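> Mind folding the following:
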Amino acid sequence: MGLFPHRDAEIFYEIHGDGPPLLLIPGGPGVSAVYQALGNQLADRWTVITYDLPGHGRSSGPRDRDNTVRDQADLAAQLLAHLGRSRSTVFGTSYGAVIAVDMLARHPSLVQALVVHEPIMIELLTDAPTWRAFFDQIIHAADTEAAFAQFMAAVHAGSGPGEGFIPPAIPPFSGGTEERAFSLRHELPHAVSYLPDIAQLARAGAPIAVLAGTESESTFYGQSARELACRLNIPCTPIRGGHLGHFMHPVSFAATLSQVMADLTSSPA
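From the prediction side, this is the model:
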């Protein structure tokens, strides 16, 4: 584990395992702890790199200004460069999937392959105006705690816990109102307004896989995954669980993810 200085923050990261580098970009809670069990399953085949987003978990950083998707993608790229990992497979889920997509678009030389799990890309949807209104209400609500609860009600974590589940050492949102308000006010607006440049992703040249949980069929993020895959002209691969399948079902999730990454990179599954 270590700390990586980045602008006016220090970014906490951990490295486990042996093999080709694999960067896991966290989603909504912003903490690498949600990848602990998944990382354990992958570390015998991959060098697993995890980190906490700025202002979350064990990473410092101001919580009074925006962190854009571009800022987050640049941070991920700079972390890999700092660690001397010039070509890595990159996995992201939810908000982390949006960051991962932008990282490939803007830093293609660092990404060997990209795996995207249920990105919160509402601008891909035919009912995008409805979801814009929903998130606009949440982002600008006076009561951020109530808004956060409303947001979480729209997220189906899926069944669980399943085999290999490990409760995170750090609570997903640090139990703090300040961190939740920071997420809603300064990160979520940039995540849900992001529209990927499909042509730019194609020019990047890295193979891409898109995953959607078997329990996310009717959700906006499941639909976003399928629409992204359609626009990329690739299949959308089903994977166990709901939006938190990587957390709730780490053993079965890792098995599918390992096969997907092997198909993309020719690394052993």
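
> Which phi and psi values does residue 107 adopt?
Phi and psi for residue 107, reported as degrees, to the nearest 10, are phi -130, psi 60.

> So it versus residue 79, what's the distance?
To residue 79, residue 107 is 11 Å away according to C-beta to C-beta, to the nearest Å. Backbone N, C-alpha and C define where each C-beta goes, glycine included.

> buried ones in the helix or strand hosting residue 264?
Assigned by DSSP states H and E, residue 264 belongs to helix 250-265. Buried residues in helix 250-265, counted by 16 or more other C-beta atoms under 10 Å: 250, 252-254, 256-258, 260-261, 264-265.

> beta partners of residue 115?
residue 91, residue 209 (DSSP bridges).

> can I have the helix holding residue 264 written out in PDB, keeping just the CAs?
C-alpha atoms of helix 250-265 as PDB (Å, rounded to 0.1, in the frame of the first residue of the first chain):
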ATOM      1  CA  PRO A 250     -17.000 -12.000  -5.600                       C
ATOM      2  CA  VAL A 251     -16.300 -15.700  -6.500                       C
ATOM      3  CA  SER A 252     -18.800 -16.100  -9.300                       C
ATOM      4  CA  PHE A 253     -18.200 -12.500 -10.500                       C
ATOM      5  CA  ALA A 254     -14.400 -13.100 -10.600                       C
ATOM      6  CA  ALA A 255     -14.900 -16.300 -12.600                       C
ATOM      7  CA  THR A 256     -16.800 -14.600 -15.400                       C
ATOM      8  CA  LEU A 257     -14.600 -11.500 -15.200                       C
ATOM      9  CA  SER A 258     -11.400 -13.600 -15.500                       C
ATOM     10  CA  GLN A 259     -12.700 -15.400 -18.600                       C
ATOM     11  CA  VAL A 260     -13.800 -12.000 -20.200                       C
ATOM     12  CA  MET A 261     -10.300 -10.600 -19.500                       C
ATOM     13  CA  ALA A 262      -8.600 -13.700 -20.800                       C
ATOM     14  CA  ASP A 263     -10.600 -13.400 -24.000                       C
ATOM     15  CA  LEU A 264      -9.600  -9.800 -24.400                       C
ATOM     16  CA  THR A 265      -5.900 -10.100 -23.500                       C
END
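
> if you count residues, which strand in the chain comes out on top?
In the chain, with assignment by DSSP state E, the single longest strand is strand 9-17.

> What pairs with it, parallel or antiparallel?
Next to strand 9-17 in the sheet, as set by DSSP bridges, lie strand 2-6 (antiparallel), strand 47-51 (antiparallel).

> Looking at those, spot the one closest to residue 205.
strand 47-51 (21.8 Å; C-beta to C-beta).

> and the next element down the chain from that closest one?
Tracing the chain past strand 47-51, the next element assigned as helix or strand by DSSP H and E is helix 69-82.

> Mind giving me the packing neighbours of that next one?
Judged by 3 or more C-beta pairs under 8 Å, 6 or more residues apart in numbering; DSSP states H and E, helix 69-82 is in contact with strand 2-6, strand 9-17, strand 21-25, strand 47-51, helix 95-106.

> tell me which residues in stretch 73-86 are buried?
The neighbour-count check on stretch 73-86 (16+ other C-beta under 10 Å) flags 73-80, 83, 85 as buried.

> CSV for these, including pLDDT and distance to residue 113?
What follows is the buried residues of stretch 73-86, written out as CSV (pLDDT from 0 to 100; distance: C-beta to C-beta, whole Å):
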residue, pLDDT, distance to residue 113
73, 97, 16
74, 97, 20
75, 96, 20
76, 97, 15
77, 96, 15
78, 95, 20
79, 96, 18
80, 95, 14
83, 93, 18
85, 85, 13
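
> Would you tell me which one of those comes nearest to residue 119?
Residue 119 has its nearest neighbour among these in residue 73, at 13.1 Å by C-beta to C-beta.

> ok, the closest one to residue 184 distance?
Residue 73 sits 20 Å away from residue 184, going by C-beta to C-beta.

> circling back to that earlier point, in a markdown table: the helices and strands packed on helix 69-82, plus mean neighbour count, mean pLDDT and distance to residue 39.
Listed next are the helices and strands packed on helix 69-82 as a markdown table, based on neighbours: other C-beta atoms under 10 Å; pLDDT from 0 to 100; distance: least, C-beta to C-beta, whole Å:
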| stretch | mean neighbour count | mean pLDDT | distance to residue 39 |
| --- | --- | --- | --- |
| strand 2-6 | 14 | 91 | 16 |
| strand 9-17 | 19 | 95 | 6 |
| strand 21-25 | 26 | 98 | 7 |
| strand 47-51 | 24 | 97 | 4 |
| helix 95-106 | 26 | 97 | 14 |
